[in-house]
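Asker: The sequence and its predicted three-dimensional model are supplied below.
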Amino acid sequence: MRTLLVICLLGMLAAVGYFAYFAMAVEGEPIPTEGSVALALGAGFSVIVGVGLMVLLFFSSRRGYDEPPHFR
């Protein structure tokens, strides 16, 4: 069972690599400067949001907000 899982995962990895290679090998005009700026800003914003959410997660965990309620 585990061998079948590993074979399926390796097959999916090979398929993703195949499609990624041919998606990057498409000939045509390169991304314009505005597109590169938009891509960089979008990626940077996504990283900032992810880091902020992780900070909130650790903050709430350390303060005990994630504990189940205790009734008296």
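Answerer: Received it, and whenever you're ready, just let me know what you need. Numbers count the residues shown, from 1 in each chain.
Asker: so which strand or helix has S36?
Answerer: Using DSSP states H and E, S36 sits in helix 33-63.
Asker: same question for that helix, mean pLDDT?
Answerer: Rounded to a whole number, the mean pLDDT of helix 33-63 is 94.
Asker: what's it packed up against?
Answerer: Judged by 3 or more CB pairs under 8 Å, 6 or more residues apart in numbering; DSSP states H and E, helix 33-63 is in contact with no other helix or strand. C-beta coordinates here come from the backbone N, C-alpha and C atoms, glycine included.
Asker: What secondary structure category should be reported for H70?
Answerer: coil (DSSP: H, G, I helix; E, B strand; the rest coil).
Asker: pLDDT score for it?
Answerer: Looking at H70, its pLDDT is 80.
Asker: ok, it to G64 distance?
Answerer: Using CB to CB, to the nearest Å, H70 is found at 11 Å from G64.
Asker: Ok, F58 next?
Answerer: F58 is 12 Å from G64, by CB to CB.
Asker: which one of the two has more residues nearby?
Answerer: F58 (10 against 7; other CB atoms under 10 Å).
Asker: any idea how far M12 is from the more buried one?
Answerer: Using CB to CB, F58 is found at 32 Å from M12.
Asker: R72 too?
Answerer: Note on R72: its distance to M12, by CB to CB, is 52 Å.
Asker: now swap in E29 and tell me
Answerer: From E29 to M12 the distance is 31 Å (CB to CB).
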